[in-house]
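Chemist: here are the coordinates; sequence isn't available:
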DNA sequence: TTTCCACAGGAAGGTACGGTCT
DNA sequence: AGACCGTACCTTCCTGTGGAAA
């Protein structure tokens, strides 16, 4: 008979949620300069003047979003206190790769759920018309917070249109300011000249946290999250070290700490230890890879599969050409239409960008010329597991068959 | 110093798709 | 129904490139 029941377990955690990404702490640690600049840049808002456009630059997990939430909460409170009409519209631009899509999403964000517009079909100018109308209807001061705005890439016309909307007579009642948040430090340089001149932005750059700052951040959160003495002494420094390795990424460090806490809880440990952190680190890395691979389209996975079979034969590092040949074989085998070699080179570049494979440029000069070498950046078994769905569909290639048979932790079925 | 290999990867254009508007 | 819209995904074509060999 199964006897299973749930019971609350709060032996380690006091408040686990305070380690999550969307938790805004009471105070922000280690970002004093940035907060000061940001505060100054927001001053016109509270004066009821035309707001400045503000751009934040910095790698992931360096506090851009956290500081923004913290300051804008405060700003909204104070605006209320001084009877100012302030609207804050936030939009995460992840997955939106054009100004058009950003504009559509902004309109929908402002409009009521029953009044949404579709994401395609409208001409560009019409979308902007919708947007101007919605912004004017809001009136007062409107701050548009565009998180991860670098996703729009080259198509940056919205950043040109919004600052000019008022002088072009498209908007009469609202004072609109943009707050752009970018993970890509080069984004600013890549903006078109037209955009750069009309934005007149205040830019604030967020440097990576150093190990000390990272530790203060972790300590602050851990105080809220865990009971006293729930962490052994080396846990926070170790999380901070991993985070510092990852370009001063506080979010990674916090995820890691939570992962370690969860592991300790699952094991009924009375303390989180160094081991839990290391285990959690492996676990997170693996999860990230699995998710990355699962999101790939069929042909991208086939290219990866091709490289995987080459690796199983110890034929790596392999040239793009060799990968392409094996990929074509697999396509025939699986009755897929093969893409061209040019396209496969794009796929390989994508895989390298996702850190699934390592590609390096080689040059053998007059006898060999220039080419690229590719190899897996991860354990063969892990990658095969992550691709199991595709492999089951197209069949197991003979070169990995032995490997699969010799390996007891591959979940593939024939 | 010059030559030249073998690709890398940019540019441009085609096609199909899910949508709107009249 | 048919013109039109923006975009994802491909192909075709072609110029660029770094360094070993001559």
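Modeler: Thanks, I have it. From a predicted model like this one, the values you see are computed outputs, not experimental measurements.

Chemist: What residues does chain A have near DNA strand C?
Modeler: Chain A has residues A:97-98, A:100-101, A:120-124, A:155, A:297, A:299, A:338-340, A:342-343, A:346, A:363-367, A:369-370 near DNA strand C, with proximity defined as Cβ under 7 Å from any atom of the strand. From N, CA and C alone the C-beta is placed, and that goes for glycine too.

Chemist: Of the residues you listed, which ones also sit close to DNA strand B?
Modeler: Counting by Cβ under 7 Å from any atom of the strand, the members of these near DNA strand B are A:120, A:121, A:122, A:342, A:365, A:366, A:367, A:369, A:370.

Chemist: Tell me the pLDDT of the first one.
Modeler: Predicted confidence (pLDDT) for residue A:120: 89.

Chemist: Name the helix or strand for it, please.
Modeler: Residue A:120 is part of no helix or strand when elements are defined by DSSP states H and E.

Chemist: Please apply the same query to the third one.
Modeler: Residue A:122 belongs to no helix or strand when elements are defined using DSSP H and E.

Chemist: That one: what's it in contact with?
Modeler: A:104, A:130 (Cβ atoms under 8 Å, 6 or more residues apart in numbering).

Chemist: Need the phi and psi values for it.
Modeler: phi -80, psi 150 (degrees, to the nearest 10).

Chemist: do the last one as well
Modeler: Here is the backbone geometry of residue A:370 (degrees, to the nearest 10): phi -100, psi 140.

Chemist: Assess the claim that it and residue A:319 are in contact.
Modeler: No - counting by Cβ atoms under 8 Å, residue A:370 stays clear of residue A:319, with 10.9 Å between them.

Chemist: Between the two, which has more neighbouring residues?
Modeler: With neighbours defined as other Cβ atoms under 10 Å, residue A:370 and residue A:319 compare such that residue A:319 has more, 16 against 9.

Chemist: That one touches residue A:371, doesn't it?
Modeler: Yes - in terms of Cβ under 8 Å, residue A:319 counts as a neighbour of residue A:371; the distance is 5.2 Å.

Chemist: Would you mind listing the residues in contact with the closest residue to DNA strand C within the stretch 101-250 of chain A?
Modeler: Closest residue of the stretch 101-250 of chain A to DNA strand C, Cβ to the nearest atom of the strand: residue A:124 (3.3 Å). By Cβ under 8 Å, 6+ apart, the residues touching residue A:124 are residue A:100.

Chemist: What score does it have for pLDDT?
Modeler: 90.

Chemist: same thing with residue A:34?
Modeler: Reading off the model, residue A:34 has pLDDT 94.

Chemist: Count the residues that sit near it.
Modeler: Residue neighbour count, defined by other Cβ under 10 Å, stands at 21 for residue A:34.

Chemist: Surely it is in a helix?
Modeler: Yes - assessed by DSSP: H, G, I helix; E, B strand; the rest coil, residue A:34 belongs to a helix.

Chemist: so what's it up against?
Modeler: Counting by Cβ under 8 Å, 6+ apart, residue A:34 has contacts A:63, A:67, A:204, A:206.

Chemist: Helix or strand: which one has the second one?
Modeler: Under the criterion of DSSP H and E, residue A:67 resides in helix A:64-81.

Chemist: Determine how far that helix lies from the middle of the whole chain.
Modeler: How far helix A:64-81 lies from its chain's middle: 23 Å, per Cα atoms, centre = their mean, to the nearest Å.

Chemist: Now the element after that helix, going C-ward?
Modeler: strand A:86-92.

Chemist: so what secondary structure elements neighbour that next one?
Modeler: With contacts taken as 3 or more Cβ pairs under 8 Å, 6 or more residues apart in numbering; DSSP states H and E, strand A:86-92 sits against helix A:64-81, helix A:99-110, strand A:141-147.

Chemist: what's the model's confidence in the last one, averaged?
Modeler: The average pLDDT for strand A:141-147 rounds to 94.

Chemist: So what touches that strand?
Modeler: A:45, A:48, A:51, A:65, A:68, A:72, A:79, A:84-94, A:102, A:106, A:135, A:162, A:174-181.
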